[in-house]
Structure formats: structure tokens, C-alpha cells
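# I would like the atomic coordinates for the input below:
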Amino acid sequence: RIGKDPFGDTPSSELSKKDIDRVLLGGPAAAAHVVHVEIESYAARLAHVVRVFLEQEEWRGVETILMGGGMSTSEFGRLGLRRARRILRDADIEVKLKRLKADPDDAALLGWASLLPEDLAASSDALLAVDIGGTNLRCGLVAHSSGSCAASARGAMHVVARARPRRDGAARRAGRMWWA
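A predicted model of the protein is given here:
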């Protein structure tokens with residue numbers, strides 16, 4: 001490291017999205033520069049991942065990729081997404097990267113509606129979706145119609161990062177969340 005860390009003694013793992021956005025939008029120039037450099041790095045990595053997926057036969061013909069999650073709700077995340085779009089466009093890769101506007105906590109649950117087989121979609125009005133993430137376990141009833149998601153009717157979330165349950169324990173916890 002050269003010079004003084006623009007974020008002080010705060011470890012990067014403890015910086016919130018709001019802290020980073022605040023520095024990006026109105027912080028000291030040196031700190032804002034660090035954020036811009038990282039946005040460029042993130043965008044390049046995201047564009048690379050998109051390229052790798054699009055090279056897979058199962059992904060051929062994909063026209064749009066929806067990006068969800070908490071990072072896409074931050075200003076630096078939105079800038080990174082826009083920059084990744086530009087990198088892909090400059091490489092003549094024709095795919096749209098769009099930001100999912102649903103609540104990040106609901107995004108993974110809502111995505112299940114598009115994966116529901118047609119026969120099940122025709123015979124039901126909702127599905128029980130579970131998202132087992134790195135830090136949270138989410139469970140919710142997702143209403144759907146004609147393969148598109150209408151709303152998350154009921155949901156619950158449990159922080160699992162500290163507990164570190166095994167897969168079977170996480171599945172039992174999801175069941176308890178739903179039937180509670």
C-alpha cells in the first residue's frame with residue numbers, strides 16, 4: 001500500500017454499501033478514485049463471467065440477464081453494471097444486462113417462478129421457494145401466472161452465517177420458518 005488508506009483503519013469487509021456510495025458521490029477524491037478503480041475491476045470480472053456463461057451451449061441465444069442482489073441496489077453496483085454492459089458491447093457480445101428492481105431479499109425467490117415447469121404452472125397459483133444463500137436462508141410463497149411472477153405473498157428470512165448449519169439442518173430450518 002502506498003500512502004494513507006482513504007478509508008482509514010476500517011477493514012474493507014466492514015464497509016457498508018452506503019459507506020462506499022457516500023465516498024463515491026461526495027467523499028475525498030482519493031477515496032472516490034479507489035472506488036472507481038474497484039468498479040472497473042468488478043465490471044471487467046462481471047463481463048468475463050457473462051462471456052464464460054454465454055460460451056456454454058445451454059446459454060446460447062440468451063438475450064437478457066437480470067442482475068439481482070444487494071450490490072445492484074447501490075450506486076457503485078449500478079455503475080459497475082453499466083460499465084460491464086459497455087465492455088460487453090465493445091466486444092460485440094449481444095446480451096442485455098438489466099438490474100432486477102425487486103427487493104434483493106425477494107429476488108432469488110421470485111426467480112423460481114420462471115423455472116417452474118409449464119404443467120406445474122398451469123395446475124397451481126403459487127409455489128414455495130427457498131433460497132439458501134451464504135449468510136441468509138429465505139423461504140416464501142411466490143404467486144405466479146403464465147410463467148411470470150406476480151408477487152411474493154408470504155416470506156421469512158433467517159440469518160444462518162453464524163450458525164453454519166449443514167444442508168439438512170438448513171432444509172429443516174426452512175420448513176420450520178414456513179410452518180411457524
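# contacts and neighbour counts: CA atoms only from here.
Fine.
# now for the spatially closest residue to Ala47 that is not a sequence neighbour, how many residues are close by?
Closest residue in space to Ala47, ignoring its immediate chain neighbours: Ala84 at 5.3 Å, by C-alpha to C-alpha, 6 or more residues apart in numbering. Close neighbours of Ala84, defined as other C-alpha atoms under 10 Å, add up to 24.
# pLDDT at Ala84, what is it?
Ala84 carries a pLDDT score of 96 in this model.
# that one contacts Ala44, correct?
Yes: counting by C-alpha atoms under 8 Å, Ala84 does reach Ala44; the two are 6.3 Å apart.
# picking that back up, for the residue nearest to Ala47, list the residues it contacts.
With contacts defined as C-alpha atoms under 8 Å, 6 or more residues apart in numbering, the neighbours of Ala84 are Ala43, Ala44, Leu46, Ala47.
# helices - which of these land there?
Among the contacts of Ala84, the subset assigned to helices under DSSP state H consists of Ala43, Ala44, Leu46, Ala47.
# in JSON lines, list the residues you listed along with pLDDT and distance to Leu109.
Formatted as JSON lines, the entries for those read as follows, by pLDDT from 0 to 100; distance: C-alpha to C-alpha, whole Å:
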{"residue": "Ala43", "pLDDT": "95", "distance to Leu109": "25"}
{"residue": "Ala44", "pLDDT": "96", "distance to Leu109": "28"}
{"residue": "Leu46", "pLDDT": "94", "distance to Leu109": "22"}
{"residue": "Ala47", "pLDDT": "96", "distance to Leu109": "25"}
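# just the buried ones from those residues?
Neighbour-count burial (16 or more other C-alpha atoms under 10 Å) is assigned, among these, to Ala43, Ala44, Leu46, Ala47.
# re the thing from before, out of the ones in helices among the contacts of Ala84, who's nearest Pro6?
Among the ones in helices among the contacts of Ala84, Ala43 lies closest to Pro6 (C-alpha to C-alpha), at 21.7 Å.
# which residue comes closest to Ile39 once chain neighbours are left out?
The shortest distance from Ile39 to any residue that is not its chain neighbour, by C-alpha to C-alpha, 6+ apart, is 5.1 Å, and that residue is Gly80.
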